[in-house]
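**Q** when you get a sec, could you give me coordinates for this:
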Amino acid sequence: SREGNSPAMSSGGMHQWEELRRRARQMESDIDTKLIQFNKLAVSPSSEDNGASALCTELESLLMQLSETNEHMVRYSQGLSPGEAARPAQVLQRHRELLHEYDREFRKIRSNVSEQKERDQLLGSVRADIGEYKTAASARMENLVRERGAAQGSLRTTDQILAGAAATYDSLRSQRGMYSNISTKLAVFRSKLPSIDSLLGRIQRRRKVESMILAGVVSFCAIVIIYFSVLR
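**A** This is a model prediction of the structure:
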């Protein structure tokens, strides 16, 4: 009969079933642990691959192995009689439900990890843009500071030039006043020149007259001396 040939009736068949269940429970425990780790990575912002890719690959492999183990359990239960298959069918249904929940949770977390990675990349790009903007702003500020320093230097030079020009202007004004006084004195002096010339003319004429008188006296004395010398 079918019950006599059922794998569940033999110790070998029971051992195979228990081995399949043991493998399924072990993989479910591993998947549950790794899903918790995977979910932590999904909520941990990071600009680098912090092991999420490797963990994702491990979970995909475990889920595939669990699905294959469930298929082996299905094939095993299909060889049981209706009375024998009731309990294994309940166990198998629970394993399949767990597989479905794990697969759904894995897909959800994987999507979250992908979105978090995109956000991190976008944030990194924004930070890089901000850094470039700050660098450019700093460079512009340095240029403005240098230009301001140059402008202040030019203003100081201009102030020095204006101060020198003001000093030169004051000096020229002083010289102009001095030249004006000299011009006034020269004008006064020129106004007195005619009387001075007249005085000098009279002096010269008097000197000529005195010279003529002196020459006449000398000549008279010479004639007298000569005369008396001849008479002797």
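**Q** can you report how many residues lie near residue 62?
**A** Neighbour count of residue 62, defined by other Cβ atoms under 10 Å: 19. All C-beta spots, glycine's among them, are computed from the backbone N, C-alpha and C.
**Q** now it: how far from residue 120?
**A** Distance, residue 62 to residue 120, using Cβ to Cβ, to the nearest Å: 26 Å.
**Q** quick one: pLDDT of the residue most central in space within the chain?
**A** By Cα atoms, centre = their mean, the chain has its centre lying nearest to residue 135, at 1.8 Å. Per-residue pLDDT puts residue 135 at 82.
**Q** state the distance from it to residue 121.
**A** Relative to residue 121, and taking Cβ to Cβ, residue 135 is found at 21 Å.
**Q** try residue 27
**A** 33 Å.
**Q** out of those two, which sits in the busier spot?
**A** Neighbours were counted for residue 27 and for residue 121 using other Cβ under 10 Å; residue 27 has more, 24 against 11.
**Q** wait, what's in contact with that one?
**A** By Cβ atoms under 8 Å, 6 or more residues apart in numbering, the contact list for residue 27 reads 62, 65-66, 69.
**Q** work out for me the element it sits within.
**A** Using DSSP states H and E, residue 27 sits within helix 11-42.
**Q** one more: residue 94?
**A** Residue 94 belongs to helix 82-231, assigned by DSSP H and E.
**Q** and that helix, what does it pack against?
**A** Here helix 82-231 touches helix 11-42, helix 52-78, going by 3 or more Cβ pairs under 8 Å, 6 or more residues apart in numbering; DSSP states H and E.
**Q** quick one: low-confidence parts of the chain?
**A** Scanning the chain for pLDDT under 70 picks out 1-13, 45-50, 179, 186-187, 189-190, 192-194, 196-197, 232.
**Q** can you tell me the closest non-neighbouring residue to residue 66?
**A** Distances taken as Cβ to Cβ, 6 or more residues apart in numbering put residue 27 closest to residue 66, at 4.6 Å, once the chain neighbours are dropped.
**Q** what about that neighbour, distance to residue 70?
**A** Computed as Cβ to Cβ, the residue 27 to residue 70 distance reads 10 Å.
**Q** check the gap between the residue nearest to the centre of the chain and residue 141 for me.
**A** Distance of residue 135 to residue 141, computed by Cβ to Cβ: 11 Å.
**Q** ok, residue 89 next?
**A** Between residue 89 and residue 141 the computed distance is 76 Å (Cβ to Cβ).
**Q** between these two, which is the more surrounded one?
**A** A direct count of neighbours by other Cβ under 10 Å for residue 89 and residue 141 places residue 89 higher, at 16 against 10.
**Q** excluding its backbone neighbours, what's nearest the more buried one?
**A** Excluding its sequence neighbours, the residue lying closest to residue 89 (Cβ to Cβ, 6+ apart) is residue 77, at 5.8 Å.
**Q** contact partners for the one you found?
**A** Here residue 77 is in contact with 85, 88-89, 92 (Cβ under 8 Å, 6+ apart).
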